[in-house]
Structures are given as C-alpha cells and as structure tokens.
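Undergrad: okay, predicted coordinates and the sequence, questions at the end:
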Amino acid sequence: MSDSIDLASVDQVLATARSVRRRLDFDRPVAQSDILDCINIATQAPTGLGGESWRFVVVTDPAVKRRLAALYQQTLEELVVARGVEIKPTQQALVARLHEIPAMILVCNLGLPPDATAAGQVGYFGSILPAAWSLMLALRARGIGTTWTSLLAARQAEVAEVVDLPKDALLTVMLPIAYTKGANLKRAQRMDARDVTFWDQWGRKPPSS
Ligand SMILES: Cc1cc2nc3c(=O)[nH]c(=O)nc-3n(C[C@H](O)[C@H](O)[C@H](O)COP(=O)(O)O)c2cc1C
C-alpha cells in the first residue's frame, strides 16, 4: 500500500514511551543535533488559533540545572506534606539525581491561558501539550529516556527568574533527558480499548466484529 508506514516501529515507540527515571546515562551529554531534531519533529504537532506559540528552553548549564532541581525537589516535598502522597522509589531516584541529568527541556507556551473555561483551557493546553508528547516520542525513538514532569509548573515565578522567561510565557512540562542505559521499555498495563470505548452513545459497547 503506497501510504503505509512501518506500523510495528511506530506502534512500538507509541506504546513504550515509558517514564524513565533510573536507567539513564547521567554521564553522557545528549547531542545537540538529537535535541534539535526532536524539537523539529515536535513542532509538527497540531497548533491552535495563535499558531506556533511553543518555545523550548534546553538547560545544560550545571548551575541552572541545580537551581531547577532544587525547585523540583522542594515542590515534590511540599506536595507530599500537602496531599499526603507517597513518593515512589522511582520518583525518588530521579529527584535524587535530577541535578546530574544531561539536559532538561522546558516546554513553554507564549501567551497566558485566556480564561478558566473548559474551552479556553482545552484550546490553550491543546496547542502546546501535543508538541510536548511528540517530543517525548521523538526522544524515545532515538534512545533518549525522559519523564513527563509537571511539578515545576507550580513554580512559574521562580523558574522564570532562573531561565529568564518573559512575563507572557508559561512553563508547561519539563522533560529531563538522558540516553537510556539498559532500559527494556515495555507496554504498560492499561485498560483494553473495549473497556474505555463507547459506540454512538455513551455506555453502548462497540459492536463485536
Ligand atoms: C499530568 C502528569 C504529570 C506528571 N508529573 C510528573 C512529575 O512531576 N514527576 C514525575 O516523576 N512523573 C510525573 N508524571 C509521570 C507519571 O508518574 C507516569 O506517567 C506514570 O507513573 C505512568 O508511568 P509511565 O509513564 O511509565 O506509563 C506525570 C504524568 C502526567 C500525565
């Protein structure tokens, strides 16, 4: 078929883009060309009315990484106290070495969310988070591990100060990146399509084929 693509590889990337927090090569810098190639893939994502409002801040400077890692750790600790959530060992492993990660990518959006309506939020975040997810997939395809992290979004003002974000730019997710080392990434246990899909009407099961 002329428009077919290599489904097995594409599906493998899509289905195995796990959070990688431990099996990372903390000693090997991530090539700038790999990062820029991945960003060029990410910016093929859908973009809303404002068009191309994504901006990416790649942080490799050890002093800047240390400051962001400290903010990340503080936010995590506060969350544990405020919500009584438990930090999983894997999350602990990442936070303990976050300052050593070869690079962090701050996925930012130019312009602030317009309002708190569902439509406003869907439009705003719908114009940036697909690019972040594409970025994660492009990284995965190149053997670069990462984790979707949102903790730093709670520290807009401090992050803005650390990396000089303009007032009208919002940090969404931060992707800590490193080449994977011995990671055997597999599909996660997730609900089956038939258990999460309705046909024609909410509650109506897909017809059996
Ligand atoms: C909205 C959102 C925010 C998240 N924030 C964090 C975070 O701040 N730190 C972290 O270690 N993982 C974070 N994660 C990753 C989840 O913990 C992870 O996706 C989940 O454990 C499932 O594992 P998997 O990604 O390997 O399927 C976040 C995921 C989502 C969807």
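TA: Good, I have the coordinates. Keep in mind it's a predicted model, so treat the numbers as computed, not measured.
Undergrad: so what's the residue count around residue 78?
TA: 12 (other CB atoms under 10 Å). Using the backbone N, CA and C atoms, a C-beta is placed for each residue, glycine as well.
Undergrad: helices or strands up against the one helix or strand it maps to?
TA: Element membership of residue 78 [criterion: DSSP states H and E] is helix 62-83. When contacts are defined as 3 or more CB pairs under 8 Å, 6 or more residues apart in numbering; DSSP states H and E, helix 62-83 sits against helix 89-97, helix 156-163.
Undergrad: how about the residues of this protein by the ligand?
TA: 18-19, 91, 94, 147-151, 188 (CB under 6 Å from any ligand atom).
Undergrad: grab the most central residue of the chain for me.
TA: The chain has residue 148 as the residue nearest its centroid, 3.4 Å off, counting by CA atoms, centre = their mean.
Undergrad: residue contacts, the nearest residue to residue 100 once chain neighbours are set aside?
TA: Ranked by CB to CB, 6 or more residues apart in numbering and with sequence neighbours excluded, the top spatial neighbour of residue 100 is residue 26, at 4.7 Å. By CB atoms under 8 Å, 6 or more residues apart in numbering, residue 26 lies in contact with 97, 100-102, 178.
Undergrad: hmm, try it at 10 Å
TA: Going by CB atoms under 10 Å, 6 or more residues apart in numbering, residue 26 touches 97-102, 178-179, 181.
Undergrad: format the residues you listed as a markdown table; extra columns: secondary structure.
TA: Formatted as a markdown table, the contacts of residue 26 follow (DSSP: H, G, I helix; E, B strand; the rest coil):
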| residue | secondary structure |
| --- | --- |
| 97 | helix |
| 98 | helix |
| 99 | helix |
| 100 | helix |
| 101 | coil |
| 102 | coil |
| 178 | strand |
| 179 | strand |
| 181 | coil |
